[in-house]
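> okay, predicted coordinates and the sequence, questions at the end:
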Amino acid sequence: MGKTALFVFADGLEELEAVAPLDILRRSGVDCAVASQTGRLEVTGRNGITLKADCHFEDVADKPFDLLVLPGGPGVHALRNTPALIEVLQKQASAGKALAAICAAPTVLQDAGLLEGRSYTAHFTVADELPDIREDSAVVVDGNIITSRGAGTAVEFGLTLAKILTGEDTAKEVADSIHFRPVPLSPAG
């Protein structure tokens, strides 16, 4: 049986952080479900792009997944105020299943009590809540917790998730197929 992933979308999500990892995991053969936290299947991101979920969160909250993914952006506030999601995250962690969060979404993992004693990264705007953000890595993996910094790291985040779920060879094939090559930024000049 193939690997499965659940993405939880809320209005105000950062579109790139949602779509890039979802696309990469689907290219990797992972069966991905997209659940809306809004009560509607349509979710509007922070940049006005409307995405359509496959289902409502409450319809899949009790189903098992190998990975649960939380995109960041202002929509994280709604995720943090969804008690059923906090419970699902805790159950997922207790079962040893993978949890992934990018940008501000690691704050949801913090709310669920899952970052204590863990190495993680997140967007600099949540540093007051997450003072131990690792700034030296685009993606940090600590056991079953995978975190990433933001929209600019979304492809690397997705490829890391693919590697974890489907193996290094598949992740490399996908990276090659999309011409992914990390490019160091140099000062303008």
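Nice, I can see it.
> make it CA atoms for all contacts and neighbour counts henceforth
Noted.
> excluding sequence neighbours, find me the nearest residue to G150.
Nearest residue to G150, sequence neighbours excluded (C-alpha to C-alpha, 6 or more residues apart in numbering): C103, at 4.2 Å.
> please enumerate the strands of this protein.
Along the chain, counting by DSSP state E, strands occupy 4-9, 31-36, 42-44, 50-52, 55-56, 67-70, 98-102, 139-142, 145-148.
> can you put those strands in TSV and add mean pLDDT and mean neighbour count?
Shown next, in TSV, are the strands of the chain (pLDDT from 0 to 100; neighbours: other C-alpha atoms under 10 Å):
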stretch	mean pLDDT	mean neighbour count
strand 4-9	98	24
strand 31-36	98	21
strand 42-44	98	21
strand 50-52	98	16
strand 55-56	98	18
strand 67-70	98	26
strand 98-102	98	26
strand 139-142	98	20
strand 145-148	98	28
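> which of those sits closest to V174?
Taking C-alpha to C-alpha, strand 31-36 is the member of the strands of the chain nearest to V174, at 15.5 Å.
> what helices or strands is the closest one leaning on?
Judged by 3 or more C-alpha pairs under 8 Å, 6 or more residues apart in numbering; DSSP states H and E, strand 31-36 is in contact with strand 4-9, helix 15-27, strand 55-56, helix 57-60.
> give the bridge partners for the nearest residue to V60 once chain neighbours are set aside, please.
Spatially, and ignoring its direct neighbours in sequence, V60 is nearest to A35 (7.6 Å; C-alpha to C-alpha, 6+ apart). Here A35 shows beta-bridge partners V8, C55, assigned using DSSP bridges.
> please name the residues that touch A35.
L6, F7, V8, F9, L41, A53, D54, C55, H56, F57, V60 (C-alpha atoms under 8 Å, 6 or more residues apart in numbering).
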